[in-house]
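*Asks:* Provided below are the primary sequence and the corresponding predicted coordinates.
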Number of protein chains: 2
Amino acid sequence: MMRSRFQQGLDDLRTRLLRMGGLAEQAVDRACQAYIDRDLTRCHLVLEGETQINLIEREIDELAFDLLAMQQPMAVDLRFILAVTKINSDLERVGDQAVNIAERVMDMVELPKVELPVDIARMAAAASAMVRRALESFIEGKAELAQAVLEMDNVVDRMKDEAFITLVKGMNEHPETTRQALDALLIARNLERVADHATNIAEDVIFWVRGADVRHNIGPEAPVQTAVTDTH
Amino acid sequence: MMRSRFQQGLDDLRTRLLRMGGLAEQAVDRACQAYIDRDLTRCHLVLEGETQINLIEREIDELAFDLLAMQQPMAVDLRFILAVTKINSDLERVGDQAVNIAERVMDMVELPKVELPVDIARMAAAASAMVRRALESFIEGKAELAQAVLEMDNVVDRMKDEAFITLVKGMNEHPETTRQALDALLIARNLERVADHATNIAEDVIFWVRGADVRHNIGPEAPVQTAVTDTH
């Protein structure tokens, strides 16, 4: 009975984390679409969405806390709950990066429109995909999916480095576009940070899945876990 | 007996987190000193230090996990352990920011030295102090100290905004200094992020302390809390 309430709590935690992930990803996509369309409405949606993301972050932390306090979780559940609290923080910060991007876009919209040698849409798609896949790897408990996310990080890093080089070159050749180029450069950096958060999530998944496997397969810890569960 | 091993574990967790904080702070200080002295040796120390910081991060997470698995922690200890794992992540990322700064300095040292209208040392001192105080507020369990850290964040944000404005102006007036100015601007941004991590830590402290307090003051859970305090 107690166990089933606990299981329900774990399911609830998973659902909320997925919702959090969906909101964070949406925020990044919206901010980048705002960049492409010079669209202030979408910028404001991103800023407003932050409040909701922060709220869900706290809810998830409180739920994780309650679950840990409710009963002695088994090793595998414990690792899952700890991973959720870590991933939760990263998703909240993905949302923060979206806000930073929206703020840069709001700055850019005030300035004359110029052509910039940077493909923000492509970078955003890559960073967003990393967040989505990192979260999928967690939900499915697949370390190999998480590993693939780690490898994508290099691609985004390279895009950012290229953006950096071409934008600085552009600044020197057309000093009148410095501010716009700087905004674009900072947006590229924010997207790199989104990718970094996806990488952090993937690392936590590997830590969680591998750890769970290790503890599952070795003898000595299994009886301890059983004994502990009995006290509830 | 079991309880005292658990208490020892909590002490150990606290000690390691302080060590982690010391290393992260040292990394930021070193990276900024490297900026001031154009000192590649210090840059390399920061890069090498990252490995150690990452190692301690994992050790702290494993210890937190073991403590949660060892026995059913009481609410106050549970909140403490969860706060440690969150603060741990933030400190590791402070270390990452120091690495980013060191990499920017390594880029700058290759370029001609120019005077830049930005006081990186002052920003670094402020950001570093925020990290130190946030950690102190945690160790002493004082929400009011954490609150003071939140207020310092505005100061660092303002410094970064000013740096942004003067550096962009400098770029336009002296296009030949664009790359150096950009490096300085990104360093200012990294320091702003260090301050953000300090803010995150302070928020977690408030969450942890207040949560503990709230549970202290309401009826049903109060006896539990008293029992916990007695064992300390």
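*Replies:* Structure received. Residues are numbered from 1 along each chain as shown, chains lettered A, B, ... in the order given.

*Asks:* Looking at chain A, which helix is longest?
*Replies:* helix A:178-217 (DSSP state H).

*Asks:* In terms of helix, strand or coil, where does the residue nearest the centre of chain A fall?
*Replies:* The centroid of chain A falls nearest to residue A:91 when counting by Cα atoms, centre = their mean (3.7 Å). Recorded secondary structure, residue A:91: helix (DSSP: H, G, I helix; E, B strand; the rest coil).

*Asks:* mind listing what it touches?
*Replies:* A:17, A:20-21, A:24, A:53, A:57, A:131, A:135, A:197, A:201 (Cβ atoms under 8 Å, 6 or more residues apart in numbering or on different chains). (Glycine included, C-beta is placed from N, CA and C.)

*Asks:* Let me have those residues in a markdown table, adding neighbour count as columns.
*Replies:* What follows is the contacts of residue A:91, written out as a markdown table (neighbours: other Cβ atoms under 10 Å in any protein chain shown):
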| residue | neighbour count |
| --- | --- |
| A:17 | 23 |
| A:20 | 25 |
| A:21 | 23 |
| A:24 | 29 |
| A:53 | 23 |
| A:57 | 20 |
| A:131 | 24 |
| A:135 | 26 |
| A:197 | 25 |
| A:201 | 28 |
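
*Asks:* what residues does chain A put near chain B?
*Replies:* Residues of chain A lying close to chain B by Cβ under 8 Å from any Cβ of the partner chain are A:58, A:61, A:64-65, A:68-69, A:71-73, A:75, A:78-79, A:82, A:85-86, A:89, A:168, A:171-172, A:175, A:178-179, A:182, A:185-186, A:189, A:200, A:207, A:211, A:225, A:228, A:231-232.

*Asks:* of the residues you listed, buried ones?
*Replies:* Among these, those classed as buried by neighbour count (16 or more other Cβ atoms under 10 Å in any protein chain shown) are A:61, A:64-65, A:68-69, A:71-73, A:75, A:78-79, A:82, A:85-86, A:89, A:168, A:171, A:178-179, A:182, A:185-186, A:189, A:200, A:207, A:211, A:225, A:228.

*Asks:* what's the burial count for residue A:130?
*Replies:* 27 (other Cβ atoms under 10 Å in any protein chain shown).

*Asks:* If we ignore the residues flanking it in sequence, what's nearest it?
*Replies:* Among residues not flanking residue A:130 along the chain, residue A:198 sits closest, at 3.6 Å (Cβ to Cβ, 6 or more residues apart in numbering or on different chains).

*Asks:* Can you report how many residues lie near that neighbour?
*Replies:* 30.

*Asks:* The helix or strand where residue A:29 lies to helix A:178-217, inter-axis angle?
*Replies:* Per DSSP states H and E: residue A:29 is located in helix A:2-37. Calculated by axes from the mean of the first three to the mean of the last three Cα atoms, to 10 degrees, helix A:2-37 forms an angle of 160 degrees with helix A:178-217.

*Asks:* Which neighbouring elements make contact with helix A:2-37?
*Replies:* With contacts taken as 3 or more Cβ pairs under 8 Å, 6 or more residues apart in numbering or on different chains; DSSP states H and E, helix A:2-37 sits against helix A:40-70, helix A:75-109, helix A:120-139, helix A:178-217.

*Asks:* Which of these comes out lowest on mean pLDDT?
*Replies:* Lowest mean pLDDT within these: helix A:178-217, at a mean of 85.
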